[in-house]
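# have a look at this prediction, sequence included:
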Amino acid sequence: LALFQEKIMDFVAENGDKILGKVSFDDVPGNLMSDLLTAVTRGKKSTCTSAPGDDLTLMRVGELRKRLHDKGLCIDGSRETMIALLKGNLAGDETVAE
């Protein structure tokens with residue numbers, strides 16, 4: 001579901017000029033608006049010349065799942081769930097390193 005939502009948000013972000021005024025966003029849940037803002041921001045970042053960072057909030061679902069899989073963590077769930085798992089794992093890694 002997270003991957004499907006990401007594709008929809010990418011489409012909306014890329015075609016906003018064609019959608020604006022034709023579709024009502026009155027009943028869109030807040031989490032989907034957050035996903036839409038992520039897609040728009042990711043699109044703007046891809047046109048910049050800055051080096052790609054490790055900003056989990058801007059990563060695509062596929063990259064989040066790959067990182068989770070590499071760490072042996074669950075790859076299912078919403079985008080927010082995957083980010084929380086990775087952040088929790090990173091905090092645990094930092095505690096162990098100290």
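Yes, it's here. This is a predicted model, so every value here is computed, not measured.

# for the longest helix seen in the chain, packing partners?
Using DSSP state H to define each element, the chain has its longest helix at helix 79-97. Packing partners of helix 79-97 (3 or more Cβ pairs under 8 Å, 6 or more residues apart in numbering; DSSP states H and E): helix 2-14, helix 30-46, helix 61-70. Just so you know, the C-beta spots here come from the backbone N, C-alpha and C atoms, and that holds for glycine as well.

# by mean pLDDT, show me the worst of those helices.
In terms of average pLDDT, helix 30-46 trails the rest of the helices and strands packed on helix 79-97, at a mean of 80.

# residue 13 against residue 35, yeah?
No. Taking contacts as Cβ atoms under 8 Å, residue 13 lies outside contact range of residue 35: 9.7 Å.

# more neighbours: these two, which one.
residue 35 (24 against 19; other Cβ atoms under 10 Å).

# would you mind measuring from the closest residue in space to the more buried one that isn't next to it in sequence to residue 36?
Residue nearest to residue 35 in three dimensions, not counting chain neighbours: residue 9, with 4.7 Å by Cβ to Cβ, 6 or more residues apart in numbering. Residue 9 is 5 Å from residue 36, where distance means Cβ to Cβ, to the nearest Å.

# residue 18 now?
For residue 18, the distance to residue 36 - Cβ to Cβ - is 15 Å.

# what does residue 22 give?
16 Å.

# which of the two has more neighbours?
Each of residue 22 and residue 36 has its neighbours counted (other Cβ under 10 Å); residue 36 has more, 19 against 6.
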